[in-house]
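In: Using only what follows, build the 3D model:
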Amino acid sequence: MKFPVKQNFCKLFSLFLSMLKVGLFTFGGGYAMIALLENELFKTFSYFS
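Out: So this is what the prediction gives:
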């Protein structure tokens, strides 16, 4: 059974970049990150919808 390694790598790398962006550009703890996480996970990638 072959796994689509390249496709999985691209998804993980894009998730890594989005979390890196959230970590770099937010100050003030968790409450400041909620809006950016919502934008990245729900609207951009549609992970939870």
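In: Residue 31 and residue 9: what is the separation?
Out: 32 Å (C-beta to C-beta, to the nearest Å). Every C-beta, even on glycine, is put in place using the N, C-alpha and C of the backbone.
In: can you pull the contacts of residue 24?
Out: Listed by C-beta atoms under 8 Å, 6 or more residues apart in numbering, residue 24 has no contact partners.
In: Just the pLDDT at it, thanks.
Out: With respect to pLDDT, residue 24 has a value of 86.
In: what do you get for residue 49?
Out: At residue 49, pLDDT is 59.
In: And for residue 3?
Out: pLDDT, read off for residue 3, is 64.
In: Stretch 24-42: which residues count as buried?
Out: Using 16 or more other C-beta atoms under 10 Å as the burial criterion, the residues of stretch 24-42 that qualify are 26, 33, 36, 40-41.
In: Cross the residues you listed against helices and list the overlap.
Out: 33, 36 (DSSP state H).
In: Most widely separated two among the buried residues of stretch 24-42?
Out: Largest separation among the buried residues of stretch 24-42 by C-beta to C-beta: 26 and 41, giving 14.2 Å.
In: before we move on, the earlier item: which one of the buried residues of stretch 24-42 is nearest residue 14?
Out: Using C-beta to C-beta, the buried residues of stretch 24-42 come closest to residue 14 at residue 40, 9.7 Å.
In: can you tell me which residues contact the closest residue in space to that closest one that isn't next to it in sequence?
Out: Sequence neighbours aside, residue 18 is the residue nearest to residue 40 in space, at 4.4 Å (criterion: C-beta to C-beta, 6 or more residues apart in numbering). Residue 18 sits next to 40-41, 44-45 when contact means C-beta under 8 Å, 6+ apart.
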